[in-house]
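Sequence first, predicted coordinates after that:
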Amino acid sequence: MTAFIPERFDVEQFEAVYEQYFDLLVQVAVYKFQVPDSEAETLAHDVLISYLRKSAVIVDLRPWLIGAICYASRHYWRLNGRTIAVEELDTPIDRADPSSVRILDSLPDQLAAREALERLSPRYQSILHMRYFEGCTVPEIAARLGVKKKYAQKLITKCLRRAEVLYSQNGQQKRRRK
Amino acid sequence: MTEKLVPFDRGRRRIDPARMREFAQTARKLQEEREMTAEAVSALLRETPRSEWGKLAEREDLRNSGAIERLGREAAERLERDPRGAVVIAEAATLLADEVDEDAYPPVVVAQIRAHALKTRAQAYRYVTRHDDALADLDRAEELLVPFGTAMHDRAIVRFERAIVLQHLRRFDDAQALLSECRIIFDDHADVALSNKARLAEGNLLVRRGDHRTARAVLLPLVGHVDAETEARVQTALGWTATELDLHDDALRHFTRAGECFRLFGAAIEVLRADYGKGHALLRRGEIDAALMQLQVTRDRLLDHEMTEEAGLCGLDLIEARLIRGEAAEAKRLATRLVREFVAASLNRRAIAALAYLNEAIAADDTPTETVRSIAAYISKLRVDPTREFCIN
């Protein structure tokens, strides 16, 4: 393990970290990994507790915490029996992807856009979620998906294009119905 | 369809006050222990006779995260200069960690404290070649961490140490797989320092396995992204991979850079090693005069530091340079001197036999430079494989 360098941290600083990141960590567990809400809160709490002993050696806190919650969520599902990776589930998830909020802003027809986003595969929703909701950079997304940066960028573009196509199809169908 | 949408409100989640209290209490406790014990533990080690260090394990006032953490650091700092002392301190820290009250901290913190102590002890055992004991400690450390999904970073650190131990046991495949796995986990946690360390270890492992092309691909991304000491080591490793791949211009550049970095923090011995690499690269580039000058100066300094083996390798390059220049008599004199130096230093008998063979071959005026290179390569390999058989193709 890396050497722990004692540094002066006020407890208030730790509390501020807790307040700043707790919600984000829960969201990652819930939306990316579909961990039940109450369990997600426990995982987020444990991640923050685990961080305490390493506080002096963690340079980049946010990605460290996000990395830890991702591993914790996968571990949760390993213990609780799910064997299929979240991204590979065929059935659409019930919960909408909050990242859609930002995309909707850029689209004139909000209703059609929502429908379009809901018709995206869970994997595509998850990628857009990471990019536009969690605010992940392309390298961060690449690391989480275990792919190269260039491919991650391609995937994001592909997701947006797919959303656009679905959006246009919705519009055309509605016009035909009229 | 839109009714499925759940309105997202970033500020809606309320933090459970009991959880916040537990977090703040743990933070305060760890912080206070760290501050209270930091100097106290170091002073205790200074004041306690070395033979009594083991008894520190009986002190109740040291059964806390801060003291155990500090003992771990004290052990880690002694690994190079006093590995046996490091073992005693790490053993005391592990015993103290075992005695930590289960309720003193949240369960994951207790697991971290114990796993960290075990990992440090494993590291100390590795330094005194107690590899089986080291692996047993690492097994236990991982067992402690397995129930906690949030401790994956800690597990990767334990596995990293396991990879190093496996390398010493020449289980290269297992070690390489573990190092790759660790690197991914460190990257996922944006832990650049440990990721680079894992990459460097992987590169060095590939060099030892003779896979110089892959080693080069693994090591090159580190250049310019690590601290000066690591940069120097990376450049040295890259220098040797370039040499093996016949990229002698690159090799010269890497060794020159390595020497500059090592000079920055006064690592005299490492500077000499880089200088030897530089002389070797000059020889391979066909710059015989420059190589002779560089190698002669380096060899003399290596002998000043009683580094007979390295001086011998440097001498073999000098012999090759002399033979290229048609100075067989000088080459023969030097070959005889190398045998004497190796015998006087009681070095590996196989190396001495190889040098004696070279001596005879030069005396018979029948020594192509390839033979000198083969013997140099053989002596280099003996350093990692001391029972390797000598054969000339």
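Structure's in. What do you need?

In contact with whichever residue of chain B sits closest to chain A, which residues are there?
Nearest residue of chain B to chain A: B:G149, at 2.6 Å (C-beta to the nearest C-beta). Glycine gets a C-beta too; all of them are placed from N, C-alpha and C. For B:G149, the contact set (C-beta atoms under 8 Å, 6 or more residues apart in numbering or on different chains) comprises A:43, A:46, A:71-76, A:78-79.

Leaving out the residues flanking it, which one is nearest to it?
A:H75 (2.6 Å; C-beta to C-beta, 6 or more residues apart in numbering or on different chains).

Report pLDDT for the one you found.
If you check A:H75, the pLDDT there is 93.

Check the one 5 residues further on too.
Looking at A:N80, its pLDDT reads 84.

how deep is the single nearest residue of chain A relative to chain B tucked in, by neighbour count?
Minimum separation of chain A from chain B (C-beta to the nearest C-beta) falls at A:H75, amounting to 2.6 Å. A count of nearby residues for A:H75, using other C-beta atoms under 10 Å in any protein chain shown, gives 18.

before we move on, the earlier item: possible to save the contacts of B:G149 as CSV with distance to B:Y378 and secondary structure?
Formatted as CSV, those follow (distance: C-beta to C-beta, whole Å; DSSP: H, G, I helix; E, B strand; the rest coil):
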residue, distance to B:Y378, secondary structure
A:L43, 56, helix
A:D46, 55, helix
A:Y71, 46, helix
A:A72, 51, helix
A:S73, 53, helix
A:R74, 49, helix
A:H75, 49, helix
A:Y76, 54, helix
A:R78, 49, helix
A:L79, 53, helix
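
of these, buried ones?
The neighbour count (16 or more other C-beta atoms under 10 Å in any protein chain shown) marks A:43, A:46, A:71-76 as buried among the contacts of B:G149.

biggest separation within the residues you listed, which pair?
Pairwise distances across the buried ones among the contacts of B:G149 (C-beta to C-beta) peak at 13.8 Å, for the pair A:D46 and A:R74.

that older thread, can you tell me which of the buried ones among the contacts of B:G149 comes closest to B:H305?
Ranked by distance to B:H305 (C-beta to C-beta), those are led by A:Y71 at 46.8 Å.

who's in contact with the closest one?
B:149-150, B:152-153, B:185, B:188 are the contacts of A:Y71 under C-beta under 8 Å, 6+ apart.

Which of the helices and strands in chain A ranks last by mean pLDDT?
helix A:100-105 (a mean of 47; mean pLDDT, DSSP states H and E).

PyMOL command for the buried members of the contacts of A:Y71?
Selection command for PyMOL covering only the buried members of the contacts of A:Y71, criterion 16+ other C-beta under 10 Å:
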select buried, chain B and resi 149+150+152+153+185+188
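
Now, the contacts of A:Y71 that are in helices?
Among the contacts of A:Y71, the residues falling in helices (DSSP state H) are B:152-153, B:185, B:188.

Nearest to A:K54 among these?
B:H153 (7.3 Å).

Spatially nearest residue to that closest one (excluding sequence neighbours)?
Among residues not flanking B:H153 along the chain, B:H189 sits closest, at 5.1 Å (C-beta to C-beta, 6+ apart).

Can you tell me which residues in the stretch 101-250 of chain B are near chain A?
With the criterion set to C-beta under 8 Å from any C-beta of the partner chain, the stretch 101-250 of chain B comes near chain A through B:106, B:108-109, B:112-113, B:116, B:119-120, B:148-154, B:157-158, B:184-185, B:187-194.

Please list only the buried members of those.
Counted by 16+ other C-beta under 10 Å, those give B:106, B:108-109, B:112-113, B:116, B:119-120, B:148-154, B:157-158, B:185, B:187-191, B:194 as buried.

ok so, going back, for the residue nearest to B:H153, list the residues it contacts.
Contacts of B:H189 by C-beta under 8 Å, 6+ apart are A:63-64, A:67-68, B:152-153.

give me that answer again for 6 Å
A:64, A:67, B:153 (C-beta atoms under 6 Å, 6 or more residues apart in numbering or on different chains).

JSON lines please, covering the residues you listed and showing pLDDT and distance to B:Q294.
Output for the contacts of B:H189, formatted as JSON lines (pLDDT from 0 to 100; distance: C-beta to C-beta, whole Å):
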{"residue": "A:W64", "pLDDT": "95", "distance to B:Q294": "46"}
{"residue": "A:G67", "pLDDT": "95", "distance to B:Q294": "47"}
{"residue": "B:H153", "pLDDT": "96", "distance to B:Q294": "45"}
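
Rounded mean pLDDT for stretch B:353-371, please.
Rounded mean pLDDT across stretch B:353-371 is 76.

Can you tell me which residue is spatially central in chain B?
B:A201 (6.8 Å; C-alpha atoms, centre = their mean).

The helix or strand hosting it - what's its average pLDDT?
Assessed by DSSP states H and E, B:A201 sits inside helix B:192-209. Mean pLDDT, helix B:192-209: 90.

for the helix or strand just after that helix, packing partners?
Note on helix B:192-209: by DSSP H and E, the next helix or strand toward the C-terminus is helix B:212-219. Applying 3 or more C-beta pairs under 6 Å, 6 or more residues apart in numbering or on different chains; DSSP states H and E, one finds that helix B:212-219 contacts helix B:192-209, helix B:228-244.

Of the ones you listed, which is nearest B:A331?
Using C-beta to C-beta, the helices and strands packed on helix B:212-219 put helix B:228-244 closest to B:A331, at 21.6 Å.

What backbone torsions are found at the residue nearest to B:H153?
Dihedral pair for B:H189: phi -100, psi 10, per degrees, to the nearest 10.

Quick check: closest non-adjacent residue to the residue nearest to the centre of chain B.
B:L179 (5.6 Å).

I'd like to know how many residues surround that neighbour.
So B:L179, with other C-beta under 10 Å, has 27 neighbours.

For B:D188, see how far away it is.
15 Å (C-beta to C-beta, to the nearest Å).

Likewise for A:K154?
In terms of C-beta to C-beta, A:K154 sits 21 Å off from B:D188.

can you check B:R216 too?
Applying C-beta to C-beta to B:R216 and B:D188 gives a distance of 25 Å.

Ok, B:A57 next?
Taken as C-beta to C-beta, the span from B:A57 to B:D188 is 36 Å.

could you pull out the helices for chain A?
Counting by DSSP H, the helices of chain A are A:11-27, A:37-52, A:61-79, A:100-105, A:110-118, A:122-128, A:138-145, A:149-177.
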